[in-house]
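Asker: Predicted model and sequence below, questions to follow.
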Amino acid sequence: MVATGVRVEYQEELDRLEESSLGGLDLVSAALSRTLEAIEHQDVELAQIVVADDDRIDGRYLEVHQALITLLATQSPVATDLRLISALLHVLKNVERMGDQCVNICKMIPLTGNEPPADEEMVKMILAMGGQTKALISQAKRAFADRDVELARDLVVQDDAVDDLNRECFRHALQIGDDADRREWAMTMLLAARAIERIGDNAVDIGEQVAFVVTGLFREFEDASHPSV
Amino acid sequence: MPATGAAEPETEMARAETQSQSQLPPTAVGDGGPRAVAAGRRAKTIETRDVNLFYGDFHAVADVTMTVEPNKVTALIGSSGCGKTTFLRSLNRMHELTAGARVEGEITLDGQDVYARGVDPVAVRRLVGMVFQQPNPFPTMSIYDNVAAGLDLNVGRVKKAEKDEVVERSLRGAHLWEEVKDRLDRPGSGLSGGQQQRLCIARAIAVEPEVLLMDEPCSALDPVATLAIEDLIGELKSKYTIAIVTHNMQQASRASDITAFFNLEETGKPGRLIEIGPTEKIFTSPSQQATEDYVSGRFG
């Protein structure tokens, strides 16, 4: 007995805001691709483009955030709509944080000079992390759009691979040798790996919001302060 | 419900009350009576089992089984014609005041069947008071007499000092005392709409009922008066069991602890209870799609 024509504009606006929020993940994915390319080729200029382009992600955050607050104030959303809006506010924050992590990495790239990367092996690991994280971002977006809780839960499994690579990077950096420049480069790359790992965590957080929208219950998929293993 | 129509059942009730005072079965009367000071007491529970309500051949409400819990506010929501007001009126036997109206099933007040043979409907209505959509103070009576009216009718002669005390306590309970204490002898009809509604609440609580039923008590009031009534409802639940019919979703979500959603499949079919649960659950994650559609405003 749902009437057609009831609250159509509100529904359309809510749909549009969901699309815009999830579209932020595409912006992040593109920023991460450029970030990885900048790491691979020690491309300082490309890194600067990523930093400048983050304004677009921040702008998306501000615009959609404001529109969601307006919907809350004017439309009194409840039930699924309310959960969706709450989740989208979280997703926006995650998107904004992911963009900032790309910026953090890109700001470090000039610090390592204009020389080619010091260690091919470590670059490969970071690129593998980045590739896996891009897949996480895409999976988070699909899980949200499809309200697919199973796909959302699987993000934890996929994120484990990113975490493993991050630890491997750390072990590798410890054995990078005594050369001061190489050590400094490796330290910077460790920070980059850490930033990528955090982007993966944000993707998992989005998965948790999917479960909240669908079930009405918020539970962390994994509790970092009380790990089960 | 128009103002005149709303006033009618209550005056009819009041008349009936004076006539049938002697028939009150002792079991149906509250322990303390109107003189008992109630503060944070446990009010009574209303339980309904398979309640079906009819107007002649028309089956208005079908198979309602639910509990109106003590010291909580239960909101009854649903689109027009879904039977929520009819159901509310069955709880204090006001439904039967309509010609041809009929009740099937069981309605109990703390386990006692309010429709059992020998139970005086007037006694039930004293324990289960009602506040209507349109404020309906007795227009020619003073503010004081409006509040004391129920007392006179239910208890008979009461000493002036005692009556003063009940009137003041009831007006304070209804958050009206400070506004009217200097003009108690003025007509109740001279008050604003919000004040009149609080006067009606004061009149209802003067006889210290166990349950207060409210049928869209704020629909004729402005937002400020509405919030004043909602605040009052929030306080009254420490003493009474409250059931409120409202079309205002925000009011249901603000003012109630439990929400019951009524719906009818199509026009002409009886209304049914679709879902009842904690208000926060109904408004954040209802379990029925029909509830979701209604509270989200997507209902035709």
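Answerer: It's in. This structure is a prediction, so every number in the text was calculated from the model and none was measured.

Asker: name the helices or strands packed onto the helix or strand encompassing A:L127?
Answerer: Assessed by DSSP states H and E, A:L127 sits inside helix A:120-146. Under the contact criterion of 3 or more Cβ pairs under 8 Å, 6 or more residues apart in numbering or on different chains; DSSP states H and E, helix A:120-146 touches helix A:8-41, helix A:79-108, helix A:149-174, helix A:180-215. All C-beta spots, glycine's among them, are computed from the backbone N, C-alpha and C.

Asker: With mean pLDDT, mean neighbour count and distance to B:A220 as extra columns, can I get these in CSV?
Answerer: Listed next are the helices and strands packed on helix A:120-146 as CSV, based on pLDDT from 0 to 100; neighbours: other Cβ atoms under 10 Å in any protein chain shown; distance: least, Cβ to Cβ, whole Å:
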stretch, mean pLDDT, mean neighbour count, distance to B:A220
helix A:8-41, 96, 18, 28
helix A:79-108, 97, 22, 28
helix A:149-174, 96, 17, 46
helix A:180-215, 96, 21, 38
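
Asker: so which of those helices comes closest to B:N52?
Answerer: For the helices and strands packed on helix A:120-146, distance to B:N52 was read as Cβ to Cβ. The smallest value, 29.3 Å, belongs to helix A:79-108.

Asker: That closest one packs against which elements?
Answerer: Applying 3+ Cβ pairs under 8 Å, 6+ apart, we find helix A:79-108 packed against helix A:8-41, helix A:44-75, helix A:120-146, helix A:180-215, helix B:279-284, helix B:289-295.

Asker: neighbours of the spatially closest residue to B:S189 that is not a sequence neighbour, just the number please.
Answerer: Leaving out its chain neighbours, the residue that sits closest to B:S189 by Cβ to Cβ, 6 or more residues apart in numbering or on different chains is B:P139, at 4.2 Å. For B:P139, the tally of surrounding residues (other Cβ atoms under 10 Å in any protein chain shown) stands at 12.

Asker: Shouldn't B:P139 be within a helix?
Answerer: No: residue state for B:P139 (DSSP: H, G, I helix; E, B strand; the rest coil) corresponds to coil; a helix is not indicated.

Asker: What pLDDT is listed against it?
Answerer: pLDDT, B:P139: 89.

Asker: Ramachandran coordinates for it?
Answerer: B:P139 adopts backbone torsions of phi -70, psi -30, taken as degrees, to the nearest 10.

Asker: Relative to chain A, how far out is it?
Answerer: B:P139 sits 36 Å away from chain A, going by Cβ to the nearest Cβ, to the nearest Å.

Asker: what does B:T259 give?
Answerer: For B:T259, the distance to chain A - Cβ to the nearest Cβ - is 11 Å.

Asker: Repeat that for B:Y294.
Answerer: B:Y294 sits 9 Å away from chain A, going by Cβ to the nearest Cβ.

Asker: if I pick that residue, what's in contact with it?
Answerer: B:I77, B:G78, B:S79, B:F261, B:N263 (Cβ atoms under 8 Å, 6 or more residues apart in numbering or on different chains).

Asker: Between these, which sits nearest A:I176?
Answerer: Distances from A:I176 to the contacts of B:Y294, taken as Cβ to Cβ, are shortest for B:F261 (64.9 Å).

Asker: Would you check that the closest one makes contact with B:T291?
Answerer: Yes: with contact defined as Cβ atoms under 8 Å, B:F261 counts as touching B:T291 (4.7 Å).

Asker: quick one, what contacts residue 164?
Answerer: No chain was given, so I picked chain A. Residues near A:D164 by Cβ under 8 Å, 6+ apart: none.

Asker: and B:V128, bridged to which residues?
Answerer: On the basis of DSSP bridges, B:V128 is bridged to B:V211.

Asker: how much space between it and chain A?
Answerer: Distance from B:V128 to chain A, counting by Cβ to the nearest Cβ: 30 Å.

Asker: And the pLDDT at that residue?
Answerer: Looking at B:V128, its pLDDT is 95.

Asker: could you measure it against B:M214, distance?
Answerer: 12 Å (Cβ to Cβ, to the nearest Å).

Asker: now do B:L91
Answerer: The gap separating B:L91 from B:M214 is 11 Å, by Cβ to Cβ.

Asker: More neighbours: the two, which one.
Answerer: B:M214 (28 against 21).

Asker: ok now do that one, which residues does it touch?
Answerer: B:M130, B:V131, B:I233, B:I242, B:A243, B:I244, B:V245.

Asker: ok, which pair from the residues you listed is furthest apart?
Answerer: Across the contacts of B:M214 (Cβ to Cβ), the longest gap, 13.9 Å, separates B:M130 and B:I233.

Asker: thinking again about what came up before, list the residues that contact both of B:L91 and B:M214?
Answerer: B:A243.

Asker: Out of the contacts of B:Y294, which is nearest to chain A?
Answerer: B:N263 (7.9 Å; Cβ to the nearest Cβ).

Asker: Okay, and that closest one sits in which element?
Answerer: Under the criterion of DSSP H and E, B:N263 resides in strand B:258-264.

Asker: Which elements pack onto that strand?
Answerer: strand B:58-68, strand B:73-77, helix B:84-91, strand B:271-278, helix B:279-284, helix B:289-295.
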